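S.K.: I would like the atomic coordinates for the input below:
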Amino acid sequence: MEHDRRRRDRFAGRPVEERAEALKERVYATFTGLAIVLVQAGNVEHLTARQATLALLVGIVGITVAGFVADIVSHLAVHAAFPNPAELGRMARVAGEALASAGVPLILLALAWLGVFELAGALRAASIVYIVTLALIGFLAVRRTHLEWWKQLLALAMLVGLGLAVIGLQQLAHAH
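M.R.: Purely as a prediction, here's the structure:
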């Protein structure tokens, strides 16, 4: 409980734009992690738990570093200057949010690596964690709009449809 309050306090002190950027990075990484575990689940008979864990870790670190580099490049292009230390710190905090998206799925896969779970079950559980995370983020975002209930429902349905399209496209990309 105390940890949750400190976490909220940490986010509450950030500017709105930084919180939005951090959430965006977390959503990107969640979609990426979901695509990785879904592809692995489809090929589970050809994988070890070690390979699955490392693939997810490398994928999430990769999307995190890509987000950080993208922030630096866009800053250079827009401001014609390298970010100062405070700006670099903000960029690192924002990019680091992507890492947090993989916490529970990585623990599940590591437990499979240690023999606590079967790999197929760990991948299924990791997929569920990612889907629930995306659903919760979408639901909370729509609830904050204060639209009429039927407009919120329509917006949530649109987000679900778009999310399924993203997952489908990522599945196609990672399956080949």
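S.K.: So which elements touch the helix or strand where residue 161 lies?
M.R.: According to DSSP states H and E, residue 161 maps onto helix 149-175. Judged by 3 or more Cβ pairs under 8 Å, 6 or more residues apart in numbering; DSSP states H and E, helix 149-175 is in contact with helix 16-42, helix 119-143. In this view, the C-beta of every residue, glycine as well, is placed from N, C-alpha and C.
S.K.: where in the chain is pLDDT low?
M.R.: 1-12, 174-176 (pLDDT under 70).
S.K.: Can you give me the distance of the nearest residue to residue 173 once chain neighbours are set aside to residue 84?
M.R.: Of all residues not flanking residue 173 in the chain, residue 35 sits nearest, at 7.6 Å (Cβ to Cβ, 6 or more residues apart in numbering). For residue 35, the distance to residue 84 (Cβ to Cβ, to the nearest Å) stands at 35 Å.
S.K.: Which of the residues in stretch 158-171 are classified as buried?
M.R.: Neighbour-count burial for stretch 158-171, with 16 or more other Cβ atoms under 10 Å as criterion, is recorded at 159, 163, 166-167, 170.
S.K.: which one of those sits closest to residue 149?
M.R.: Nearest to residue 149 among the buried residues of stretch 158-171 is residue 159, at 15.5 Å by Cβ to Cβ.
S.K.: looking at it, the closest one is touching residue 142, isn't it?
M.R.: Yes. The pair residue 159 / residue 142 is scored as a contact, 6.9 Å apart, by Cβ atoms under 8 Å.
S.K.: longest helix of the chain?
M.R.: As assigned by DSSP state H, the longest helix anywhere in the chain is helix 49-79.
S.K.: Dump the buried residues of stretch 158-171 to a markdown table, plus distance to residue 61.
M.R.: Shown next, in a markdown table, are these (distance: Cβ to Cβ, whole Å):
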| residue | distance to residue 61 |
| --- | --- |
| 159 | 27 |
| 163 | 23 |
| 166 | 21 |
| 167 | 21 |
| 170 | 17 |
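S.K.: Residue 94: which of the residues you listed is nearest?
M.R.: Taking Cβ to Cβ as the measure, residue 166 is the one of the buried residues of stretch 158-171 closest to residue 94, at 20.6 Å.
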